[in-house]
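A.B. asks: Just the structure for this:
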Amino acid sequence: EDVYLRGQWTQHPDALFPQYRPDQHLVGDPGNPQQPVSIGVDVGNRSAVIIGQRRMVPGTSEVRLHVVDEVLGDGLSVEELMARFADTRWALVPGKSEICVDPTLRRDELAAIRRRWPSVVIVQRERSDPYYDVAAGVRVVQAALRSASGQTRLTFATHLGQNRRGVIESLTALRYNPRTGAMVTDDLRDHPNDALRYLATVVLGRQIAPPEVTRR
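C.D. replies: Okay, here's the model as predicted:
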């Protein structure tokens, strides 16, 4: 209501993603069902599948990520969540799609995904992977929303801005602690953002925000 009825576009001063601007990041591209998608998956109290398509950056060989849809549900198992995604119009294509999952997803949950899409690559970060850290994924999303040079590598289909509990609400609701600088977790709102982070690090990752190598 603040954004759409009152025109209040300014983010909260402690916003984790102050780069987000509805007038810049919500675009009238509904996605093309004839093109493959990749997905980010997070399962929890409020499970989420974030569905994205690659778009070329004009005049370059680089890509950007356009989020075309999302599947949301309360208390769904991974099997139920994947069944809901399978009922959508979007297609996972072997060799062109990735399924990007929570690094802590259990083996039985991974097996359930593989049974449904045995030929699609599943990306699950190992602890040794620099993008395993939440902070590294946050930096990717921040840089994708708006880089230091003002470039945008991450956009969302307009209709997503109208979804309750979805990825847009998650982005705008997340805060950091002004004293510690740490992200304030909220299990009721974090899942769409987590799924987006998994997807963004795979599609955009090193192209826009190389991870720090000073891991201990």
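A.B. asks: Check which helices and strands the helix ranked longest in the chain sits against.
C.D. replies: Ranked by residue count, the top helix of the chain under DSSP state H comes out as helix 190-203. Where contact means 3 or more C-beta pairs under 8 Å, 6 or more residues apart in numbering; DSSP states H and E, helix 190-203 is packed against strand 38-42, strand 46-56, strand 63-74, strand 98-101, helix 134-145, helix 167-173. All C-beta spots, glycine's among them, are computed from the backbone N, C-alpha and C.
A.B. asks: The residue nearest to residue 147 when sequence neighbours are not counted - how many residues pack around it?
C.D. replies: Distances taken as C-beta to C-beta, 6 or more residues apart in numbering place residue 208 nearest to residue 147, at 6.4 Å, with adjacent residues excluded. Summarising burial for residue 208: neighbours were counted as other C-beta atoms under 10 Å, giving 22.
A.B. asks: ok, residue 208 to residue 65 distance?
C.D. replies: Taking C-beta to C-beta, to the nearest Å as the measure, residue 208 falls 10 Å from residue 65.
A.B. asks: Now the common contact residues for these two.
C.D. replies: Counting by C-beta atoms under 8 Å, 6 or more residues apart in numbering, the shared contacts of residue 208 and residue 65 are 144, 153.
A.B. asks: Can you pull out the low-pLDDT segments for this protein?
C.D. replies: For the chain, applying pLDDT under 70 flags the ranges 1-13, 177-189, 209-216.
A.B. asks: 50 instead?
C.D. replies: Filtered on pLDDT under 50, the chain yields the residue ranges 6-8, 213-216.
A.B. asks: Might one say that residue 75 is in contact with residue 43?
C.D. replies: No: Residue 75 is not in contact with residue 43 according to C-beta atoms under 8 Å; the separation is 9.6 Å.
A.B. asks: Looking at these two, which one has more neighbours?
C.D. replies: residue 43 (26 against 10).
A.B. asks: Show me the beta-bridge partners of the closest residue to residue 81 other than its chain neighbours.
C.D. replies: Nearest non-adjacent residue to residue 81, counting by C-beta to C-beta, 6+ apart: residue 47, 4.8 Å away. Taking DSSP bridges as the rule, residue 47 bridges to residue 73.
A.B. asks: Counting neighbours, what do you get for residue 47?
C.D. replies: Residue 47 has 23 neighbours, counted by other C-beta under 10 Å.
A.B. asks: now do residue 128
C.D. replies: Residues lying near residue 128 (other C-beta under 10 Å) number 7.
A.B. asks: Need the phi and psi values for residue 157.
C.D. replies: Note on residue 157: backbone dihedrals following degrees, to the nearest 10 are phi -60, psi 140.
A.B. asks: distance of it from residue 41?
C.D. replies: For residue 157 relative to residue 41 (C-beta to C-beta), the value is 19 Å.
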